[in-house]
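Novice: Pasted the sequence and its predicted model underneath.
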Amino acid sequence: MKTPSTNASHMMDDSWRLAATRLKHLATLVRRKENQRIPRFGCDALALEPFFMLFPVNPPPDLVRFLCEITPDETIHLGVHTLLSVSDLYRYQIDAAPVEDNTRFALMALGYWTGESDGDAWIYDLRAGTIHSLDVCSGYEGSREATLQQCYLHFETLGQWVDFLVADVVRREWLDEADIPLS
């Protein structure tokens, strides 16, 4: 695996851990409500090596930690986010619209959701350390800038993104806000 970046602009504080905990808890609550199997979360960083080799830049260390914490043993669909297994995380980068071919721009598919359209993608910008929502009708736009211009939601941190996911689950009335702890 490429050595994770230690560039200060990519360094998050320990908020990745809280974001990971909240996302796993949200996934567990949604799966439990749907009477679905609760997955095992977590993977070894070595399992992500082939995945990160797809990108021209090194992943921020806290993103690697976040992914190691939240990656389920099998892909699970939560509506507001699809948590991808290690194999699907790799596969979706290279052959799934709307994110395919964006790896060379250091734009990583985090998963999918039903946003403005069913099948919109969550992407992580490895250069800026930000998360964006990309419409399913967009995708490969020929340049990094053009792809990012097609995005319609933008989050500066993993914590902000997970807060949005939690709020969207409540807004859609899939779960009651009282059921979702803050930490």
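Specialist: All right, it came through fine. Just so we're clear, the structure is a prediction, and the values are computed from it rather than from any experiment.
Novice: Please make it C-alpha for all contacts and neighbour counts, starting now.
Specialist: Fine.
Novice: Just confirm residue 153 is within a strand.
Specialist: Yes - membership of residue 153 in a strand is supported by DSSP: H, G, I helix; E, B strand; the rest coil.
Novice: Tell me which stretches of this protein form helices.
Specialist: Along the chain, the segments classed as helices by DSSP state H run 15-33, 49-52, 61-70, 86-95, 144-149, 158-171.
Novice: Please work out the average pLDDT along the fifth one.
Specialist: Looking back up the chat, that one is helix 144-149. On average, the pLDDT along helix 144-149 is 88.
Novice: which of the residues in that helix are buried?
Specialist: 144, 147, 148 (16 or more other C-alpha atoms under 10 Å).
Novice: out of those residues, which one sits closest to residue 18?
Specialist: Nearest to residue 18, judged by C-alpha to C-alpha, of the buried residues of helix 144-149 is residue 148 at 26.6 Å.
Novice: on that earlier part again, dump the helices of the chain to TSV, plus distance to residue 105.
Specialist: As requested, the helices of the chain are arranged in TSV below (distance: least, C-alpha to C-alpha, whole Å):
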stretch	distance to residue 105
helix 15-33	23
helix 49-52	13
helix 61-70	17
helix 86-95	12
helix 144-149	5
helix 158-171	20
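Novice: Now tabulate the buried residues of helix 144-149 in JSON lines and tack on distance to residue 65.
Specialist: Shown next, in JSON lines, are those (distance: C-alpha to C-alpha, whole Å):
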{"residue": "144", "distance to residue 65": "25"}
{"residue": "147", "distance to residue 65": "26"}
{"residue": "148", "distance to residue 65": "25"}
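Novice: between those, which is nearest residue 131?
Specialist: Among these, and counting by C-alpha to C-alpha, the member closest to residue 131 is residue 148, at 10.2 Å.
Novice: Who are the contact partners of the closest one?
Specialist: 132, 134 (C-alpha atoms under 8 Å, 6 or more residues apart in numbering).
Novice: Kindly report the same for residue 168.
Specialist: For residue 168, the contact set (C-alpha under 8 Å, 6+ apart) comprises residue 80.
Novice: do you know how far residue 160 is from residue 131?
Specialist: Per C-alpha to C-alpha, to the nearest Å, residue 160 is found 9 Å from residue 131.
Novice: Show me which of those two is the more surrounded one.
Specialist: residue 131 (24 against 16; other C-alpha atoms under 10 Å).
Novice: Check what pLDDT that one gets.
Specialist: pLDDT for residue 131: 95.
Novice: Excluding chain neighbours, what is closest to it?
Specialist: Sequence neighbours aside, residue 124 is the residue nearest to residue 131 in space, at 4.5 Å (criterion: C-alpha to C-alpha, 6 or more residues apart in numbering).
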